[in-house]
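Visitor: predicted model, plus sequence, below.
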Amino acid sequence: MPVRVAVLGAAGRMGREICRAALESEECELAGGTVRPGSDDLGADLGELCGAGRAGVAATEDPPQDADVLIDFTTPEATVGHLAYRKPVVIGTTGLAEDERAEIEAAAGNVPVVLAPNMSVGVNLLVEMVRDLAARLGAGYDIELVEAHHRGKRDAPSGTALLLARAAAEGRNRRLEDVAVYGRHGVAPRGEGEIGIHAVRGGAVVGEHRLTFYSEGEEVEVTHRARSRRTFATGALRAAAFAAQAEPGLYTMQDVLEWSGGGGFAGDSRPM
Ligand SMILES: NC(=O)C1=CN([C@@H]2O[C@H](COP(=O)(O)OP(=O)(O)OC[C@H]3O[C@@H](n4cnc5c(N)ncnc54)[C@H](OP(=O)(O)O)[C@@H]3O)[C@@H](O)[C@H]2O)C=CC1
Ligand SMILES: O=C(O)C1=N[C@H](C(=O)O)C[C@H](O)C1
């Protein structure tokens, strides 16, 4: 039986991509999708909204009762409000404040919650690599991370930048909060052990992250470029299939990817 998903924020950039992916999926079925209360898109056909042709499923204010899993790519405020639905949920929303994350963690006591700032296979493999590289290269290498996104992105730095930078800090047994420096301006010499994090915004960039380890003699660089939002949408559907069978708890994409096939992933083009 396909997992019945409802997409919260169905009219957004990611919402539309996830609706399209769900309509093409064999493992998931598009049960519904929500738009902001009062939105002009209320009642619109979700298939037409995402450019896939008529689907016979309307955009609503609340998800349908019979949805198995909610997929939420909205805003931090909306995401926290959606916890009241008390349904298994996949959360891709970034820019969460500490108290908002705490509310999500509390909700995960009652339902399965997959929370991941980046649902692509590649980034989630890079997290492990970055932690390992930071540990093995050691403190003699300066770490700088540059991310770039489209002009419409609301939060900076990106959730993925923070995820990768945290992994680098963990590799050195440091807390990101103690070593992160966000941009530099004026007199700003590099402090020992700093992790520099820089955000670029422009045009239609889907998402790029470049983390470099600099020593005096060499540079080691890892880069991820998302070429299409489909890579995140496919990951979100895979996470929904995971959440549909999981016990209550807070999960990451690492949990999802292990469950759905482990390390040798067939890639994000694998049909769902
Ligand atoms: N984890 C991952 O892999 C990825 C995460 N993201 C994150 O996902 C989030 C969304 O990104 P993106 O799609 O580009 O942003 P958009 O602004 O395009 O989409 C967000 C949508 O949420 C809608 N919305 C806001 N409040 C509500 C509500 N209460 N109920 C229903 N819908 C609501 C907005 O409606 P309106 O426009 O009317 O306000 C908008 O359509 C961001 O936090 C982004 O960083 C993005 C890509 C990948
Ligand atoms: O807003 C986006 O577009 C993206 N947001 C996520 C983030 O903040 O890391 C993931 C991806 O980079 C695209």
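Guide: Thanks, I have the structure now. Residues are numbered from 1 along each chain as shown. Ligands and ions are numbered 1, 2, ... in the order given.
Visitor: how many residues are close by Val35?
Guide: 24 (other Cβ atoms under 10 Å). To be clear about C-beta, it is placed using only N, CA and C from the backbone, and glycine gets the same treatment.
Visitor: check contacts around it.
Guide: For Val35, the contact set (Cβ atoms under 8 Å, 6 or more residues apart in numbering) comprises Gly9, Ala10, Ala11, Asp41, Leu42, Ala44, Ala59, Thr60, Glu61.
Visitor: which among those residues count as buried?
Guide: Using 16 or more other Cβ atoms under 10 Å as the burial test, these include Gly9, Ala10, Ala11, Asp41, Ala44, Ala59, Thr60 as buried.
Visitor: was I right about the third one contacting Gly43?
Guide: The one in question is Ala11. No - contact criterion Cβ atoms under 8 Å: Ala11 and Gly43 do not qualify, at 11.8 Å.
Visitor: how far away is Ala22 from ligand 1?
Guide: Remark: distance between Ala22 and ligand 1 (Cβ to the nearest ligand atom, to the nearest Å) = 15 Å.
Visitor: ok, now which ones touch that residue?
Guide: Ala22 makes contact with Val5, Val7, Cys28, Glu29, Leu30, Leu237 under the criterion Cβ under 8 Å, 6+ apart.
Visitor: hang on, it is in a strand, isn't it?
Guide: No - counting by DSSP: H, G, I helix; E, B strand; the rest coil, one finds Ala22 to be helix, located in no strand.
Visitor: per-residue pLDDT of it, please?
Guide: Looking at Ala22, its pLDDT stands at 98.
Visitor: how far does the helix or strand where Gly235 lies sit from the chain's center?
Guide: According to DSSP states H and E, Gly235 maps onto helix 230-245. In this view, helix 230-245 has its centroid 11 Å away from the chain centroid, taken as Cα atoms, centre = their mean, to the nearest Å.
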